[in-house]
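Engineer: Take a look and give me a structure for this.
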Amino acid sequence: MNRRVRFLDTRPLRRCRPFRDLWIGTSASQLGGQTATVAVLAQVWDLTGSTVGTGAIGLATGLPMVLFGLLGGTLADSVDRRALVRATTAGQLLVAAGLSAQAVAGNRNVVLLLALVAAGTACGALGAPARRTFPVRLLPADQVAAGLALTNISFQAAMLAGPALAGLIIARWGLSAAYATQAVATLVSVLVVIRLPAMKPEGVDTNVTRRRAERGGWRIVLRRPTLWGSMATDLSATLLAMPIALFPLVNEIRFGGNPQTLGLFLSAVAVGGITAGLLSGTVTRRRRGGLVQLCAAAVWGLALAGFGLSVPLWPALGCLAVAGAADTVSVVTRSALVQLETPDAYRGRVSSVEHVIGVAGPELGNFRGGLLASATSAPFALVTGGLSATLAVAAVAATNASLRAYRTPRTPDEPTATETVDAATVTG
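Structural biologist: Down below sits the predicted model:
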């Protein structure tokens, strides 16, 4: 087997025009979203001057993500997914225009601002499960992981560039210009979705009730070892070792609370993620996606334990960069595995389960880390969390032979799931 290092696999961009259009639109939307995130944070702080106010942004985004994400999964398996994403993205465009308008009007009502944020998040969450199914419908099976890696690296780049761009725009032209930037970026995304081919779910029984449809999404995850193993691996890593909430405390006790150092913590994670993305061809061409995810999740836990033990700055940043790289590899391989292992009739609902785990795991992990650190110390919480995550991942690996043995199909004609799903059995 050829094990040489490969750079980013660009075959999806070169060979598939619909995916290339989707990637451009998604990249623009992500950059605009990061710009708006900074603008909302700045405006809420200006209106309230309170961390309770800025903390309320989390509620305005977190709750709609979970509630509307599950509903979006059911809708994604009931209607044309392109039409659903087109409608929800148009809703996001209207919200972005509303955010810009309220900034121009000099709005001083924080409730109105948070309501607009919640509405935009709800629109995005409704369309997220359907949007997750696009790469597997547009690309050959052996290029799905590469396509997801390209999407992930554009997200990492937006994480780096978006806040800096927002700062420049707000400083020169004000909040309304930052929101207008998001509106323009969202308009690009709408135009791209219109160009995509229709993507109706395959093999869907339109007479199935919503209750049975929702139950089918969870059941298929629990009935397939590769799916529940992959999601359990991700949940173990994020729930037990999420470090973001501990960054301010670590910065305070080890680096004097320097805000520049705090920024370096976040940048190191992003730099690691981008580096892994640029070299992602090394892993996206490998067929043992389950094994790759397990190894990456274990490295994530060990790297964060190393961060908890690192006193000098540069080793600490190095551990965070390794963690960021491992996280990118884990996310890309998990996303490809979930899409390829799920029959198309259930992809929307299974994607909504993945979406909820992806949202809830990190948030609960940050909460867990904060509680443990308050009772002990930040280094103790980081070290024990990282080691616990690694042990939990090892337990999943030891008990889930299907995940360890999983291989990505070589061609579009090769079955994408390990066994045929009887829809009547899954939905009860």
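
Engineer: At the geometric centre of the chain, which residue do we find?
Structural biologist: In the chain, the residue lying closest to the centroid (Cα atoms, centre = their mean) is residue 358, at 6.4 Å.

Engineer: Surely that one is in contact with residue 237?
Structural biologist: No - with contact defined as Cβ atoms under 8 Å, residue 358 and residue 237 do not form a contacting pair (11.2 Å). From N, CA and C alone the C-beta is placed, and that goes for glycine too.

Engineer: my guess is residue 265 meets residue 246, correct?
Structural biologist: No - using Cβ under 8 Å, residue 265 is not in contact with residue 246; the gap is 9.6 Å.

Engineer: and the next element down the chain from the helix or strand where residue 328 lies?
Structural biologist: Here residue 328, judged by DSSP states H and E, is contained in helix 313-341. Following helix 313-341 in sequence order, the next helix or strand is helix 347-375 (DSSP H and E).

Engineer: more neighbours, residue 265 and residue 246?
Structural biologist: residue 246 (24 against 21; other Cβ atoms under 10 Å).

Engineer: State the distance from the more buried one to residue 198.
Structural biologist: Applying Cβ to Cβ, to the nearest Å, the value for residue 246 to residue 198 is 46 Å.

Engineer: Also residue 274?
Structural biologist: Separation of residue 274 from residue 198 (Cβ to Cβ): 34 Å.

Engineer: again, but for residue 347
Structural biologist: 15 Å.

Engineer: related to what we said a few turns ago, please list all residues in contact with the residue nearest to the centre of the chain.
Structural biologist: residue 234 (Cβ atoms under 8 Å, 6 or more residues apart in numbering).

Engineer: before we move on, the earlier item: name the residue in residue 347 and residue 198 with the higher neighbour count.
Structural biologist: A count of neighbours by other Cβ under 10 Å puts residue 347 above the other of residue 347 and residue 198, at 30 against 8.

Engineer: Please list all residues in contact with that one.
Structural biologist: 76-77, 129, 132-133, 136, 201, 339.

Engineer: rerun at 6 Å
Structural biologist: Taking Cβ atoms under 6 Å, 6 or more residues apart in numbering, we find residue 347 in contact with residue 133.

Engineer: pLDDT score for it?
Structural biologist: According to the prediction, residue 347 has pLDDT 84.

Engineer: what comes up buried for whichever strand or helix holds residue 54?
Structural biologist: Using DSSP H and E, residue 54 sits in helix 51-76. Of the residues in helix 51-76, those buried under the neighbour-count criterion (16 or more other Cβ atoms under 10 Å) are 53, 56-57, 60-61, 64-65, 68-76.

Engineer: wait, which of those residues is closest to residue 115?
Structural biologist: Each of the buried residues of helix 51-76 was scored against residue 115 by Cβ to Cβ, and residue 60 proved nearest at 7.8 Å.

Engineer: can you tell me how far that closest one sits from residue 53?
Structural biologist: According to Cβ to Cβ, residue 60 and residue 53 sit 11 Å apart.
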